[in-house]
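Enquirer: predicted model follows, preceded by the sequence.
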Amino acid sequence: MFDNIGLFVGTIADGLLLTVEATVGGIVIATVLSFAAGLAMVSRSTPVRAVARCYVEIWRGTSEMVQLLWIYFVLPILVGYQIVPLAAGILVLGLNHGAYGAEIVRGAIQSVPRAQYEGCVALNFTRAQRMRRVILPQALPEMVPPFNNLFIQLLKGSSLLTVITVHEMTYQ
């Protein structure tokens, strides 16, 4: 049994690189989408809120496996362009977990006490100044623990990429 440890470690290390690539790529996309959709969900504009809500509900309401199969197998038929398996996996991980992250951002922003908003209005801050200088600095610490959990969930979700022939660590 111990004669093959080098082979086992080498095989797992080959898959580890793809797992890390998928996880980091998914985290980058998820973080950007989380903030974009989360801020859109607290917007004053009804169409902006509606688009963000549709994105969140569709991507949270369907299975990650279905999304992965749809992006990898169906979308190329519709657009006529084959997607690289790792890129499709990173895209699905980012889009799916970005929808969950949007709710984290929205909840953290709405958890800031109402008095802080009123103080910003009293200081005559614009909406962007309120968000950048007062609201987000207070909301960011509230986002850290749930985002850590979300990123761990994303790492675990990277094992689904074996279905579309990404030879990541679980496959190896």
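Expert: Alright, I've got the coordinates.

Enquirer: can you pull out the low-pLDDT segments for the chain?
Expert: Applying pLDDT under 70 to the chain flags residues 1, 169-172.

Enquirer: which SS class is Phe8?
Expert: Under DSSP: H, G, I helix; E, B strand; the rest coil, Phe8 falls in the helix class.

Enquirer: what about it, how many residues nearby?
Expert: Phe8 has 12 neighbouring residues, counting by other C-beta atoms under 10 Å. (C-beta placed from N, C-alpha, C; glycine too.)

Enquirer: got it, and the one 10 residues further on?
Expert: For Leu18, the neighbour count with other C-beta under 10 Å is 20.

Enquirer: got a list of what it touches?
Expert: With contact set as C-beta atoms under 8 Å, 6 or more residues apart in numbering, Leu18 has these partners: Leu86, Leu161, Val166, His167, Glu168, Met169.

Enquirer: and if we set it to 6 Å?
Expert: Taking C-beta atoms under 6 Å, 6 or more residues apart in numbering, we find Leu18 in contact with Val166, Glu168.

Enquirer: what residues does the helix or strand where Ile152 lies touch?
Expert: Per DSSP states H and E: Ile152 is located in helix 136-157. With C-beta under 6 Å, 6+ apart as the contact definition, helix 136-157 has outside contacts at 23, 26-27, 64, 93, 97, 100-101, 104, 108-109, 111-112.

Enquirer: same thing with stretch 38-48?
Expert: By C-beta under 6 Å, 6+ apart, the list of residues contacting stretch 38-48 reads Arg49, Ala52, Ala102, Val105, Arg106, Ile109.

Enquirer: thanks a lot, catch you later.
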